[in-house]
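Peer 1: Return a 3D structure for these sequence lines:
(one chain, ligands or ions: 1)
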Amino acid sequence: MPIAPSTHYRLGPSSSSRWLACPWSLRAPSSPRNTAAAEGDVAHAMGASILTGENTLDDAGSLRAGLAMYVSHVQANGVEPIVERVWESMEITAAATSRLPPKEGTLEGFGGTLDCLLISGQTAVVYDLKWGEIPVKAPNNTQLLSYASLIHEHFAVSEFHGVIVQPNAKGGPNISVAQYTESEVIQHRERVKVAAASDEKRVGRHCLFCPLRYNKQCAEGVEFARQKGWRYKV
Ligand code: SF4
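Peer 2: Numbers count the residues shown, from 1 in each chain. As a prediction, this is how the structure comes out:
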């Protein structure tokens, strides 16, 4: 089986909905990887190796149906995919977050590993393969907008599409697509810059996914959860 990449940044796209809402949570440790996440890692790695031709769907075993959905959607574009590549912002540098305590296994700055990128002329398509069950939509998705912001620094593109492929979504397999304007992408990067330089703490629904809350290291988050009656850990 292929091995999943493991490069993580402080300002990582996957947790951006939380740290954009509450910059203080950039101090949070990484969440432990559970069994479902580990299966997702394997699916991502296999999906990448199929797209690059190292493996085929016949090698995917029980992951075959979900990965077929992902691979066929990518390949239908007829563009050579750039797969599982790490993208880092030169503009939002490590200096922006170097005031924070070190975080094990994490690079400072704004960056992340993009499952799949297609570049064609002025257009970029960013793909996110989601292996979990909670349905996720592409419109206004801060993770996809974060990837688009990173890509905008590296390519002369002005049109952005985000695609979430979610084979195991509750309610059935789903593909969600959105288009982002260049000004939306630029605005998003400005939000990232503001968050990188901020120590503001704000409670809200995003506390649900914050390790500082479920590790009981944020009194405000714990109290917010108590008021909301959240009884589960994550
Ligand atoms: S628990 Fe909520 S308020 Fe506290 S750091 Fe996390 S996201 Fe911010």
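
Peer 1: longest strand anywhere in the protein?
Peer 2: Scanning the chain for the longest strand, with DSSP state E as the assignment, gives strand 107-120.

Peer 1: Give me the buried positions along that strand.
Peer 2: Buried residues in strand 107-120, counted by 16 or more other C-beta atoms under 10 Å: 107-119. Where C-beta positions appear, they are placed from N, C-alpha and C, glycine not excepted.

Peer 1: Stretch 210-224 now?
Peer 2: Across stretch 210-224, burial judged by 16+ other C-beta under 10 Å covers 210, 211, 212, 213, 214, 218, 221, 222, 224.

Peer 1: For the first one, give me its contacts.
Peer 2: Counting by C-beta atoms under 8 Å, 6 or more residues apart in numbering, residue 210 touches 18, 22, 25, 28, 218, 221.

Peer 1: so what's it closest to, chain neighbours aside?
Peer 2: residue 25 (5.2 Å; C-beta to C-beta, 6 or more residues apart in numbering).

Peer 1: What pairs with the longest strand of the chain, parallel or antiparallel?
Peer 2: The pairing partners recorded for strand 107-120 under DSSP bridges are strand 9-11 (parallel), strand 82-88 (antiparallel), strand 123-129 (antiparallel).

Peer 1: winner for burial among those strands?
Peer 2: For those, average neighbour numbers computed from mean count of other C-beta atoms under 10 Å are highest in strand 9-11, which has a mean of 25.

Peer 1: which residues are contacting that strand?
Peer 2: Identification of contacts with strand 9-11 by C-beta under 8 Å, 6+ apart yields 19, 26, 88-89, 92, 96-97, 100, 103, 106-112, 192, 195-196.

Peer 1: Please state the mean pLDDT value computed over the longest strand of the chain.
Peer 2: Strand 107-120 shows a mean pLDDT of 96.

Peer 1: Kindly export that strand (C-alpha atoms) in PDB.
Peer 2: Extracted in PDB, the C-alpha atoms of strand 107-120 (Å, rounded to 0.1, in the frame of the first residue of the first chain):
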ATOM      1  CA  LEU A 107       5.800  23.400  10.200                       C
ATOM      2  CA  GLU A 108       5.200  27.100  10.900                       C
ATOM      3  CA  GLY A 109       3.300  29.200   8.400                       C
ATOM      4  CA  PHE A 110       0.500  28.700   6.000                       C
ATOM      5  CA  GLY A 111       0.500  25.600   3.800                       C
ATOM      6  CA  GLY A 112      -0.800  22.100   3.200                       C
ATOM      7  CA  THR A 113      -1.000  19.000   1.100                       C
ATOM      8  CA  LEU A 114      -3.500  19.300  -1.700                       C
ATOM      9  CA  ASP A 115      -5.100  16.000  -2.800                       C
ATOM     10  CA  CYS A 116      -5.200  16.900  -6.400                       C
ATOM     11  CA  LEU A 117      -4.700  20.100  -8.500                       C
ATOM     12  CA  LEU A 118      -5.600  20.700 -12.100                       C
ATOM     13  CA  ILE A 119      -4.200  23.700 -13.900                       C
ATOM     14  CA  SER A 120      -5.500  24.500 -17.400                       C
END
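
Peer 1: Look up how far residue 44 lies from the residue nearest to residue 52 when sequence neighbours are not counted.
Peer 2: Excluding the flanking residues, the one nearest residue 52 by C-beta to C-beta, 6+ apart is residue 83, at 5.5 Å. To residue 44, residue 83 is 10 Å away according to C-beta to C-beta, to the nearest Å.

Peer 1: Spit out the residues that contact the two alike.
Peer 2: Contacts common to residue 83 and residue 44, judged by C-beta under 8 Å, 6+ apart, are residue 115.

Peer 1: Any idea which residue of the chain lies closest to the ligand?
Peer 2: Closest residue of the chain to the ligand, C-beta to the nearest ligand atom: residue 221 (2.2 Å).

Peer 1: Alright, I will stop here.
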